[in-house]
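> here is my input; please provide its structure:
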Amino acid sequence: MPQAKRPQRDATEDWEQLRIFVSSPQQETDELLRPIVLFGRTPAARAAETGVPERTLRRKADRFDAAGMAGLFETAAPAAHDRRALPPEIRRAILDLQAEYPPLRPHEIATICERRFRRPVSHHTVGRILAAGPPPTATGRRFPRYRDIADPVERRLAVVRLYREGWNVKSIAGYLATKRPRVYEALRRWSAEGLPGLDDHSRAPHHPARKVDLKTLAAIRRLQANPELGGFRVSAALEPRDIFLSPRTCQRILALHRDLAAARRAPAVPREPRPHPFAASRRHQIWSVDIRSIEDHGLATEKPVYAIAVLENSSRAILASLRSPRQDLTAYLVVLRDALQRHGAPELLVSDSGGVFLAKPALALYRALGIEKREIARGRPWQNDSEANFGTMRRMADYHFAQAATWPAMHAIHARCFREYNGQKHFAHQDRPVGEQSPARVLRWVQGAWCDPADLDRLFRVRARRRVDAAGFVRFRHWRLYGERGLAGAEAAVWILGNDLTIAYATDTLAQYRVAFEPDERHIRAVTDARLFETCYPSPQPPLWAWEDHEWRRAVRAPAYAPRRRPLPTALQAPLFPLEEEPAAAAMRGAG
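Model (predicted):
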């Protein structure tokens with residue numbers, strides 16, 4: 001007997017048992033509806049037996065009565081008049097969007113479909129369609145990636161088109177493989193300028209933060225009163241005023257002012273760079289010294305004024321400087337001693353072949369301090385760094401020297417230029433960090449070979465220190481010589497070289513005399529040719545009237561010093577109490 005295809009079971013009406021035996025949803029629906037359709041049992045009674053909602057049983061029974069066995073299937077096509085069913089083109093669009101960019105969420109797809117078909121679509125519906133729908137019909141991309149679109153207008157237009165379809169910024173950036181700020185920028189341009197705004201724009205700021213204002217222009221215009229100043233010197237002069245401009249910007253402003261009838265600078269002569277024979281590799285290795293004449297000045301005299309300067313080659317710092325009405329050995333030694341006292345001695349001193357630099361007292365001084373003396377080649381002034389430095393000082397100071405009518409004004413201009421030159425940035429130090437580009441910052445505290453002040457006094461035997469009395473005279477070798485009444489109480493220096501005697505204070509010359517010596521070459525026999533120099537130390541109490549030369553004796557022989565005698569006591573003070581003698585002393589006096 002053949003084996004049964006299906007297992008044998010006992011008939012039952014128990015719904016929980018029947019649910020175990022059924023094998024499909026349609027069979028389950030048939031078992032639910034069979035008592036209602038065949039035996040007329042009410043949906044309420046059947047709901048009580050099975051636990052299925054009464055409303056569901058009534059709907060399924062009505063559908064079975066209307067469609068017969070086809071009513072048992074849930075996937076039957078909806079009626080044509082049911083507006084809740086989505087048209088096929090919307091279903092295809094949902095599936096195509098998911099295939100084109102899988103990270104799109106149901107909410108975003110619903111928004112895109114609503115914008116495209118002008119019909120609201122629920123994200124729940126989108127989710128069901130994506131879960132059970134057929135495969136998409138479109139598998140390619142409508143827009144290439146952002147970087148693959150050559151035309152900048154088309155690139156940004158693709159962003160705008162996707163945004164207008166309902167894509168959000170995050171999805172647009174991901175789909176086009178670009179950054180969200182770029183998407184925001186394209187949308188901002190479209191909103192503000194329309195289609196012309198999608199083209200490439202200049203990246204220069206429309207309203208950049210400018211350093212040049214009217215205050216800066218006025219400051220440069222005041223500096224440009226000196227036509228010798230160039231862009232670099234103007235930039236360096238503005239930094240102490242907290243105005244930081246590049247030399248190129250200063251050059252443009254200077255050119256603008258020249259176009260507006262400002263003074264023009266003489267054109268520079270280009271020169272080829274040459275190897276420097278005295279280039280310093282460390283500080284205080286090489287010093288340079290030179291003398292420059294200033295002929296264009298406002299003083300009453302037609303004679304030139306001389307500037308003597310000692311320069312440190314490595315840092316380009318001016319160590320000592322003097323403006324003097326003469327260029328003799330005394331003036332040079334005054335400047336040299338000031339530099340040695342402040343900064344020590346160098347290893348090498350460079351100058352031209354001038355007589356004051358090669359005089360016997362100067363050569364003896366070099367040997368005593370261990371300084372090697374070298375001269376530049378004839379016709380090669382550029383080998384002396386002081387000569388190049390004079391070019392800078394000429395641009396900074398000559399315009400102001402031409403307007404100085406008195407020696408105090410000359411002194412003030414010289415001191416200011418000396419301070420500004422050492423404190424402003426130098427072209428040779430542009431590669432150093434900001435704030436470390438001035439000669440003073442490069443030199444810092446570094447000193448040369450130390451020189452004891454006592455040793456300097458011994459080496460500079462031509463120099464003697466004297467105190468200025470209340471009348472402005474100094475006493476030197478039994479002579480009273482006038483220096484400056486405004487320096488009463490100060491210590492001056494008396495320099496004597498050959499037959500020239502000079503009285504100086506610091507690096508300023510006060511007076512100069514011609515002297516004749518006794519046969520012993522020490523005592524002074526006569527003093528003639530007194531010459532006083534205008535200084536910046538005038539007396540606060542001017543004279544009541546101007547003295548003529550024959551009324552004012554500037555050099556007077558002083559009487560010899562009287563021998564000092566110890567004064568004798570005029571009276572003796574008696575002791576307050578009588579002194580008792582010791583017994584031994586009294587016995588000795590009695591024995592005597």
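
> the closest residue to residue 538 other than its chain neighbours - how many residues pack around it?
In this structure, residue 538 finds its nearest non-sequential neighbour in residue 486, 5.0 Å apart by CB to CB, 6 or more residues apart in numbering. In short, each C-beta sits where N, CA and C put it, glycine included. Neighbours of residue 486 under the rule other CB atoms under 10 Å: 18.

> next one: residue 486, what pLDDT does it get?
On the pLDDT scale, residue 486 is placed at 88.

> residues touching the residue lying closest to residue 127 once chain neighbours are set aside, list them.
Spatially, and ignoring its direct neighbours in sequence, residue 127 is nearest to residue 106 (4.7 Å; CB to CB, 6+ apart). Neighbouring residues of residue 106 by CB atoms under 8 Å, 6 or more residues apart in numbering: 123-124, 126-127, 130.

> which of those has the largest number of neighbours?
Result: residue 126 is most packed of these (other CB under 10 Å), 28 neighbours.

> follow-up on the earlier one: just the ones of the contacts of residue 106 in helices?
Applying DSSP state H to the contacts of residue 106, the entries found in helices are 123-124, 126-127, 130.

> show me the strands in the stretch 301-450 of the chain, by range?
Using DSSP state E, counting those that start in this stretch, the strands assigned to the stretch 301-450 of the chain run over residues 305-312, 317-324, 348-351, 372-375.

> then the first one to CSV, C-alphas only?
What follows is strand 305-312, C-alpha atoms only, in CSV (Å, rounded to 0.1, in the frame of the first residue of the first chain):
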residue,chain,number,x,y,z
VAL,A,305,81.7,120.8,9.1
TYR,A,306,83.3,117.4,9.5
ALA,A,307,81.7,114.2,10.7
ILE,A,308,84.1,111.6,12.1
ALA,A,309,82.6,108.1,12.8
VAL,A,310,83.8,104.7,14.0
LEU,A,311,81.8,101.8,12.5
GLU,A,312,81.6,98.2,13.6
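
> show me what it is packed up against.
Here strand 305-312 touches strand 286-294, strand 317-324, helix 329-343, helix 385-401, going by 3 or more CB pairs under 8 Å, 6 or more residues apart in numbering; DSSP states H and E.

> any low-confidence regions in the stretch 151-300 of the chain?
The model of the stretch 151-300 of the chain has pLDDT under 70 over residues 262-266, 268.

> now the stretch 1-150 of the chain
Short version for the stretch 1-150 of the chain, where the test is pLDDT under 70: 1-6, 74-84, 133, 137-139.

> can you give me the strands for it?
Using DSSP E, counting those that start in this stretch, strands in the stretch 1-150 of the chain do not occur.

> circling back: and which of the ones in helices among the contacts of residue 106 is nearest residue 141?
Distance to residue 141, by CB to CB, is smallest for residue 130 among these, at 19.2 Å.

> what's the spacing between the residue nearest to residue 127 and residue 85?
Distance from residue 106 to residue 85, counting by CB to CB, to the nearest Å: 18 Å.

> please name the nearest non-neighbouring residue to residue 57.
That would be residue 43: by CB to CB, 6+ apart, it lies 4.2 Å from residue 57.

> out of the contacts of residue 106, who's nearest residue 450?
Residue 450 lies nearest to residue 123 out of those, by CB to CB, at 89.6 Å.

> so how far is the first residue of stretch 333-351 from its last?
14 Å (CA to CA, to the nearest Å).

> so for that stretch, what's the average pLDDT?
The average pLDDT within stretch 333-351 is 90.

> now do that stretch: distance to the chain's middle.
34 Å (CA atoms, centre = their mean, to the nearest Å).

> then stretch 432-448?
Distance of stretch 432-448 from its chain centroid, counting by CA atoms, centre = their mean, is 16 Å.

> for the helices and strands packed on strand 305-312, could you give me CSV that also reports distance to residue 445?
Converted to CSV, the helices and strands packed on strand 305-312 look like this (distance: least, CB to CB, whole Å):
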stretch, distance to residue 445
strand 286-294, 17
strand 317-324, 12
helix 329-343, 10
helix 385-401, 22
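
> present those as a markdown table; the columns should include distance to residue 557 and mean neighbour count.
As requested, the helices and strands packed on strand 305-312 are exported to a markdown table (distance: least, CB to CB, whole Å; neighbours: other CB atoms under 10 Å):
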| stretch | distance to residue 557 | mean neighbour count |
| --- | --- | --- |
| strand 286-294 | 35 | 22 |
| strand 317-324 | 28 | 23 |
| helix 329-343 | 23 | 22 |
| helix 385-401 | 40 | 20 |
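
> please name whichever of these is nearest to residue 255.
Here helix 385-401 is closest among the helices and strands packed on strand 305-312 (CB to CB), at 16.8 Å.

> now for residue 21: which residues touch it?
Neighbouring residues of residue 21 by CB under 8 Å, 6+ apart: residue 9.

> with the one 10 residues further on instead?
Each residue near residue 31 by CB under 8 Å, 6+ apart is listed here: 15, 18, 22.

> about what we covered before: okay, now the residue nearest to residue 57: neighbour count?
21.

> one more: residue 91?
Residue 91 has 17 neighbours, counted by other CB under 10 Å.

> and the gap between it and residue 101?
18 Å.

> do residue 131 as well
In terms of CB to CB, residue 131 sits 18 Å off from residue 101.

> more neighbours: which of the two?
residue 101 (18 against 7).

> the more buried one reaches residue 173, doesn't it?
No - contact criterion CB atoms under 8 Å: residue 101 and residue 173 do not qualify, at 11.3 Å.

> tell me, how many neighbours does residue 261 end up with?
7.

> that's a strand at it, yeah?
No - counting by DSSP: H, G, I helix; E, B strand; the rest coil, one finds residue 261 to be coil, located in no strand.

> so what's it up against?
By CB under 8 Å, 6+ apart, residue 261 has no neighbours at all.

> one more: residue 558?
Applying CB under 8 Å, 6+ apart to residue 558 gives the contacts 475, 478-480.

> so residue 465 sits in a strand?
Yes - per three-state DSSP, residue 465 lies within a strand segment.

> outline the domain layout of the protein.
Domain assignment for the chain by automatic domain parsing gives 15-72, 88-132, 148-198, 214-259, 286-443, 462-557.

> among those domains, which is nearest residue 563?
For residue 563, the closest of these is domain 462-557, at 15.1 Å, according to CB to CB.

> quick one: end-to-end length of that closest one, please.
By CA to CA, one end of domain 462-557 lies 21 Å from the other end.

> so residue 172 touches residue 184, yeah?
No - between residue 172 and residue 184 there is no contact under CB under 8 Å: 10.0 Å.

> and the two? Which one has more around it.
Shown here are residue 172 and residue 184; by other CB under 10 Å, residue 172 has more neighbours (26 against 14).

> where does the residue nearest in space to the middle of the chain land on pLDDT?
Geometric centre of the chain, nearest residue: residue 434, 5.4 Å, by CA atoms, centre = their mean. With respect to pLDDT, residue 434 scores 85.

> also the one 5 residues further on?
According to the predicted model, the pLDDT of residue 439 comes to 91.

> got the contact list for it?
Applying CB under 8 Å, 6+ apart, we find residue 439 in contact with 312, 315-318, 421-422, 426, 429.

> tell me how far it lies from residue 229.
From residue 439 to residue 229 the distance is 18 Å (CB to CB).

> ok, residue 325 next?
For residue 325, the distance to residue 229 equals 27 Å [CB to CB].

> neighbour-wise, which of the two wins?
Using other CB under 10 Å as the criterion, residue 325 and residue 229 rank with residue 229 on top: 21 against 18.

> who touches the residue lying closest to residue 390 once chain neighbours are set aside in this structure?
Closest residue in space to residue 390, ignoring its immediate chain neighbours: residue 292 at 4.7 Å, by CB to CB, 6+ apart. Residue 292 makes contact with 306-309, 390, 393-394, according to CB under 8 Å, 6+ apart.
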